[in-house]
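S.K.: Fold the following.
(2 chains)
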Amino acid sequence: MIAPALFAVFAAIAVVSALSVILHRNPVTSALFLVVTFCSLAGIYLVLHAEFIGMVQVIVYAGAIMVLFLFVIMYLNLGRDIETGVQIALRRGVGWLMGIALLAAGVALFRHPWVAGPAAPPGPPMGNTQAIGLLLYSRYLFPFEVTSMLLLVAMVGVVVIAKGRRAPGPAADLPPGTAPGAPSQEDA
Amino acid sequence: MAAILDNPDIQFAFWALVKCVVILTAMLGVVSYLIFVERKIAGHMQARTGPNRVGPLGLLQPVADILKLFFKEEFIPDAANKIIFHVAPVLAVIPALVSFSVVPVGPNFTVTDVNVGLLLFLAMSSLGVYAITLGGWSSNNKYALLGGLRSSAQMISYELALGLSTVGVLLIAGSLSLVDIVRAQEHVWFAAYQPVAFVVFMIAAFAETNRAPFDLPEAEAELVAGFHTEYSSMKWGMFFLGEFMNVITISSIAITLFLGGWNGPWLPDSLKFLWFFLKLGVLLFFFIWVRWTYPRLRYDQLMNLGWKVLLPVALVNILATGTVIHWLENR
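M.R.: Numbering: from 1, shown residues only, chains lettered A, B, ... in the order given. As a prediction, this is how the structure comes out:
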């Protein structure tokens, strides 16, 4: 009885905040609503007893990715969306098309009745962290390793790009405070 | 009526609520006196007396401070983003309180023992960045913005070292539940098995809580007061509260992971929580001691320490721990 009620609460928060993400004109507010969406998604995972995924959702999306996102938005001091003309019309058109396609896919999926999967086999209750770990290192070992290779390549790429932008000359000559990632003295 | 009271869900919710109220009240009391103790210790370290006017030995100073905070004029900058400006101080307090809900204080006193307790702590400490970043940004003040930006960079960098330093403990304990981790330390504290991880964790803890020598987001000498420059009255007080609560929470996690939690000799199970509080007191003193001993790091030194020292050391520590455990199991 409690689980459906909690699901309803988290789902409502998720839907409302997701709508706010696209309806707000201030990018920082949109980003913050996206954080709320991620947190309520984590809540839904917890209701479904997927504790590990719920926590990772908060750590990775709300805690890491969105912080960097927000960091960039604030750093660039993006104001309200002031673009007009063809570009914004094009963007809106593509957005509507994708939205309609997604909605159609959802409707098509839900027209078929869903069959419940087999119940979990009885046995000693294992934390789902352990279960996920075992699966990742046995059945899904290859995709897991490929993903980590992909991340490594991305990391090397980032280092190369960041190095290329620096002014030539030894790094030691740079005055303190111009280390990579140091905030510049720009006004708010 | 009786049927409702017998429902295990309701009972769990009721007891969890009671424990939450106890923890919240205790936290507020401890924080107000922690600030008093910090001022006293700072005074003695600098050959002063510290606050001693309000009440016997100055013991009523926290009451006076809190009353003063509540009655101070509230000032909100005209160009501030009002809603975010109000939300930021709240966000400073929530993560610290939420992560305290998984800290096992004694054998019979945890709000919840979830099997992802450690991950919950890491998740909450990663959310702590928002309060400072948003507070700095929404004030629409250049010093506040610089403080906020510094803090995001600092907390993101040190979160990695903080998270990685706990992996060694996980490898030994084999569980993410903090209660299980404490039970695994019944004989030997993990600080003995994982001295390197413990040092990395403590350094990262100082950076995560923005305490000196890592208090660059405030850095009063260069940034006025950093991210909370424009805050006044109780909103400023909330940031202060959040900082001290974070110190308490992260000390509790350090005790749980490395210093044996409630484990200690002599006391019966029902009084074991006294060991926890004793260790907490020692660690809190350590936090204050360091603050009044070391100067602040320069920004590039901070980044170098985080990325070029702590992160590789934590990674090597994981590798070494994993190798030793594998070797012990397959001997």
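S.K.: What residues does chain B have near chain A?
M.R.: B:9, B:81, B:84, B:114-116, B:119-120, B:122-123, B:126-127, B:129-130, B:133-134, B:137, B:140-142, B:144-146, B:148-150, B:152-153, B:156, B:159, B:175-177, B:298-300, B:303-304 (C-beta under 8 Å from any C-beta of the partner chain). The C-beta positions use only the backbone N, C-alpha and C, and glycine is treated the same way.
S.K.: Select from those every entry located in helices.
M.R.: The helices, defined by DSSP state H, take in B:9, B:84, B:119-120, B:122-123, B:126-127, B:129-130, B:133-134, B:137, B:142, B:144-146, B:148-150, B:152-153, B:156, B:159, B:299-300, B:303-304 from the residues of chain B next to chain A.
S.K.: Which among those count as buried?
M.R.: B:84, B:119-120, B:122-123, B:126-127, B:129-130, B:133-134, B:137, B:142, B:144-146, B:148-150, B:152-153, B:156, B:159, B:299-300, B:303 (16 or more other C-beta atoms under 10 Å in any protein chain shown).
S.K.: what's the distance between residue A:48 and residue B:314?
M.R.: 32 Å (C-beta to C-beta, to the nearest Å).
S.K.: What of residue B:308?
M.R.: Separation of residue B:308 from residue B:314 (C-beta to C-beta) stands at 12 Å.
S.K.: out of the two, which sits in the busier spot?
M.R.: Set side by side, residue B:308 and residue B:314 show more neighbours around residue B:314, with 24 against 10, by other C-beta atoms under 10 Å in any protein chain shown.
S.K.: residues in contact with that one?
M.R.: By C-beta atoms under 8 Å, 6 or more residues apart in numbering or on different chains, the contact set of residue B:314 is B:160, B:161, B:164, B:165, B:167, B:197, B:200.
S.K.: Check which helices and strands the host helix or strand of residue B:286 sits against.
M.R.: According to DSSP states H and E, residue B:286 maps onto helix B:273-291. Counting contacts by 3 or more C-beta pairs under 8 Å, 6 or more residues apart in numbering or on different chains; DSSP states H and E, helix B:273-291 is packed against helix B:8-45, helix B:233-258.
S.K.: what's the nearest residue to the residue positioned nearest the centre of chain A if we skip its chain neighbours?
M.R.: Note on chain A: the residue nearest the mean C-alpha position is residue A:61, at 4.3 Å, using C-alpha atoms, centre = their mean. Distance criterion C-beta to C-beta, 6 or more residues apart in numbering or on different chains; nearest residue to residue A:61, sequence neighbours excluded, is residue A:38 at 4.4 Å.
S.K.: Could you do residue B:245 as well?
M.R.: residue B:96 (3.7 Å).
S.K.: do you know how far that neighbour is from chain A?
M.R.: Remark: distance between residue B:96 and chain A (C-beta to the nearest C-beta, to the nearest Å) = 15 Å.
S.K.: ditto for residue B:77
M.R.: Separation of residue B:77 from chain A (C-beta to the nearest C-beta): 11 Å.
S.K.: before we move on, what about residue B:282?
M.R.: Going from residue B:282 to chain A by C-beta to the nearest C-beta gives 30 Å.
S.K.: which residues touch residue B:53?
M.R.: Counting by C-beta under 8 Å, 6+ apart, residue B:53 touches residue B:61.
S.K.: so what's the backbone phi/psi at it?
M.R.: phi -100, psi -40 (degrees, to the nearest 10).
S.K.: least trustworthy helix or strand in chain A by mean pLDDT?
M.R.: Ranked by mean pLDDT, DSSP states H and E, the weakest helix or strand in chain A is helix A:66-76, scoring a mean of 80.
S.K.: Run the chain-centre distance for the following helix or strand past that one.
M.R.: Later in the chain than helix A:66-76, the nearest helix or strand by DSSP H and E is helix A:86-111. In terms of C-alpha atoms, centre = their mean, to the nearest Å, the centre of helix A:86-111 is set 20 Å apart from its chain centre.
S.K.: Local confidence estimate at residue B:205?
M.R.: pLDDT for residue B:205: 90.
S.K.: neighbours around the residue lying closest to it once chain neighbours are set aside, how many?
M.R.: Distances taken as C-beta to C-beta, 6+ apart put residue B:250 closest to residue B:205, at 4.6 Å, once the chain neighbours are dropped. Residues lying near residue B:250 (other C-beta under 10 Å) number 26.
S.K.: Residue B:250 and residue B:208 touch, don't they?
M.R.: Yes. Between residue B:250 and residue B:208 a contact is recorded at 6.4 Å, counting by C-beta atoms under 8 Å.
S.K.: what touches both of those two?
M.R.: Listed as contacting both residue B:250 and residue B:208 by C-beta under 8 Å, 6+ apart are residue B:125.
S.K.: mean confidence for the helix or strand encompassing residue A:163?
M.R.: Using DSSP H and E, residue A:163 sits in helix A:141-165. Helix A:141-165 carries an average pLDDT of 90.
S.K.: How about it and chain B, touching?
M.R.: No. Residues of helix A:141-165 are not located near chain B by C-beta under 8 Å from any C-beta, the shortest gap being 11.7 Å.
S.K.: and the least confident helix or strand of chain A, how far out from the chain's middle?
M.R.: Its chain's average C-alpha position is 14 Å from that of helix A:66-76, according to C-alpha atoms, centre = their mean.
S.K.: send the alpha carbons of it over as CSV?
M.R.: Output of helix A:66-76 as CSV, limited to C-alpha atoms (Å, rounded to 0.1, in the frame of the first residue of the first chain):
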residue,chain,number,x,y,z
MET,A,66,24.7,18.1,-13.4
VAL,A,67,27.3,19.8,-11.2
LEU,A,68,29.6,20.1,-14.2
PHE,A,69,26.7,21.2,-16.4
LEU,A,70,25.6,23.9,-13.9
PHE,A,71,29.3,24.9,-13.6
VAL,A,72,29.5,25.5,-17.4
ILE,A,73,26.1,27.3,-17.6
MET,A,74,27.2,29.7,-14.8
TYR,A,75,30.7,30.1,-16.1
LEU,A,76,29.5,31.1,-19.6
